[in-house]
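Colleague: Any chance you can model this:
(chains A, B, C and D)
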There are 4 protein chains.
Amino acid sequence: MIDAELPWAVDAGIELHSIEYGKVTLGLPYQERSIRPGGSISGPHMMMLADACMYAVVLSMIGKVELAVTTSFNINFLRKPSESDLSAEGKIIKLGKRLAVLEVSIFSKEDIVAHATGTYSIPPDR
Amino acid sequence: MIDAELPWAVDAGIELHSIEYGKVTLGLPYQERSIRPGGSISGPHMMMLADACMYAVVLSMIGKVELAVTTSFNINFLRKPSESDLSAEGKIIKLGKRLAVLEVSIFSKEDIVAHATGTYSIPPDR
Amino acid sequence: MIDAELPWAVDAGIELHSIEYGKVTLGLPYQERSIRPGGSISGPHMMMLADACMYAVVLSMIGKVELAVTTSFNINFLRKPSESDLSAEGKIIKLGKRLAVLEVSIFSKEDIVAHATGTYSIPPDR
Amino acid sequence: MIDAELPWAVDAGIELHSIEYGKVTLGLPYQERSIRPGGSISGPHMMMLADACMYAVVLSMIGKVELAVTTSFNINFLRKPSESDLSAEGKIIKLGKRLAVLEVSIFSKEDIVAHATGTYSIPPDR
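Modeller: Numbering: from 1, shown residues only, chains lettered A, B, ... in the order given. So this is what the prediction gives:
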């Protein structure tokens, strides 16, 4: 399902490490050459990883929903990642009828390097 | 300068439309085929555009600063973009000694589709 | 209308300086003695002022709406206010059918001291 | 220490339920009559509670720091609280040399009603 729903994440090198109801871990291997400087450790790359992780958490809970879209996203960058793989741990904060609120922590080795929260709008007629 | 400092933005197709002290406009042409579904109109793509625009505003004010990094980023997605070019208008909210706060509005044709604020940390010894 | 809808803001000393469609300015006189240290210049006090200003902007555009509620709120504190009056300038970023997105800048004398964005949920059947 | 450092929180009726290194629980009893409509369940009231909780977490880790100030604050309101007591559970996400990042969940009875993240600036010479 992840492959089908998040092809761009797969293309970007993102891997699914674990998924259960309301909780997902993704990995992003370090790539020396990347489409942008800093590679997998640039700010936008981490935002992409966090957004993918939030969407995977939504998928884990309600399955494929055509029109589930991010409505807001907030991230704090906590320290410069080392040049190594990243992992993202996402979990649900609250699943409502029309809105899901999610949280993602991004780690570089053992260190937390970024923390994001976001909201997904869920169509009422799913 | 933008070319040198934001090669990944150039690679992603981002174009500099205008730049003056504290105010920058970038464009992102619509690409039918993209590295991710929704192409240039996906959430992560708009976040990348907003982040590039913020960095360009910092550049416009203080020039190249090695260690200027995004420390926080917040975005509200306001409506689904149409399948057309995006433009991003960034401006400074406050430039302090150690922190710059910035604002970016993203437009699809005439409509605002996203609004972001962010903070950049500026090294004290620049 | 403001008096009726924002009695707590009036109680807190907040004054309406100007209101037009989509744009509102509020003032908060400096109070030496206040319910909290720092008085009218503490963080929570500025958050209250920003939230009141956002709600007033919503009022200016769609009138009294029973169930309009803040759904998210983001603020950056930019510098320590001086011990003087605060003013808040709020404006609409986008008014949609179900969501309003707003922006508020807070000033102490001539200096911007905080910048906030927020979203208000608007009931569909108003 | 909490009494001395957060007198305004005590004045507002906020109670310390538990405190350990990096983790604090506060309570806010429901007050029928309050300085603002909705009393202890209005948006600004919850923001004040969350901010107090974040500061208490900072206190639990580094003690009294004269110039520790909130630099950013983000909150998602998840559901309308019932007319009952609120509790706030705060914990550290990352304590750095110059910045602390914190998270607070606010509960009404068993339900999470709001979730906030914030950053505190810590003076380098403490």
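Colleague: which ones are touching the most centrally placed residue in chain A?
Modeller: For chain A, A:Cys53 is the residue whose C-alpha lies nearest the centre (C-alpha atoms, centre = their mean; 2.2 Å). Residues near A:Cys53 by C-beta atoms under 8 Å, 6 or more residues apart in numbering or on different chains: A:Val24, A:Thr25, A:Leu26, A:Ala88, A:Glu89, A:Gly90, A:Val104. To be clear about C-beta, it is placed using only N, CA and C from the backbone, and glycine gets the same treatment.
Colleague: just the helices in chain A please.
Modeller: Counting by DSSP state H, chain A has helices at residues A:2-5, A:7-11, A:43-62.
Colleague: Using TSV, please lay out those helices together with mean pLDDT.
Modeller: Formatted as TSV, those follow (pLDDT from 0 to 100):
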stretch	mean pLDDT
helix A:2-5	66
helix A:7-11	69
helix A:43-62	91
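Colleague: Buried deepest among the ones you listed, which one?
Modeller: helix A:43-62 (a mean of 24; mean count of other C-beta atoms under 10 Å in any protein chain shown).
Colleague: in the sheet, who's paired with A:Asn76?
Modeller: Beta bridges link A:Asn76 to A:His115, B:Ser72 when assigned by DSSP bridges.
Colleague: Tally up the residues packed near the residue of chain A found nearest chain C, please.
Modeller: Here chain A gets closest to chain C at one residue, A:Ser72, 5.6 Å apart by C-beta to the nearest C-beta. Counted with other C-beta atoms under 10 Å in any protein chain shown, the neighbours of A:Ser72 add up to 26.
Colleague: Close to chain D: what parts of chain A are there?
Modeller: Within reach of chain D by C-beta under 8 Å from any C-beta of the partner chain, chain A has these residues: A:72, A:74, A:76, A:78-79, A:93-94, A:96, A:99, A:101, A:103, A:105, A:112, A:115, A:117, A:119.
Colleague: Pick out the most distant pair among those.
Modeller: A:Arg79 and A:Gly96 (32.8 Å; C-beta to C-beta).
Colleague: So which of these two has more stuff around it?
Modeller: Set A:Arg79 next to A:Gly96 and count neighbours by other C-beta under 10 Å: A:Arg79 wins out with 14 against 11.
Colleague: what's the neighbour count on the nearest residue to that one once chain neighbours are set aside?
Modeller: With sequence-adjacent residues excluded and distances taken as C-beta to C-beta, 6 or more residues apart in numbering or on different chains, A:Arg79 is closest to A:Val113, at 5.4 Å. By other C-beta under 10 Å, 19 other residues sit near A:Val113.
Colleague: I'd say A:Val113 and A:Leu49 touch.
Modeller: No. Shown here, A:Val113 and A:Leu49 do not form a contact pair, counting by C-beta atoms under 8 Å, at 10.7 Å.
Colleague: Return every residue with contacts to both of these two.
Modeller: A:Leu86, A:Ile106.
Colleague: ok, back up a step: including distance to D:Tyr30, could the helices of chain A go into a markdown table?
Modeller: A markdown table is the format used below for the helices of chain A (distance: least, C-beta to C-beta, whole Å):
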| stretch | distance to D:Tyr30 |
| --- | --- |
| helix A:2-5 | 43 |
| helix A:7-11 | 44 |
| helix A:43-62 | 32 |
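Colleague: Appreciated, that's everything.
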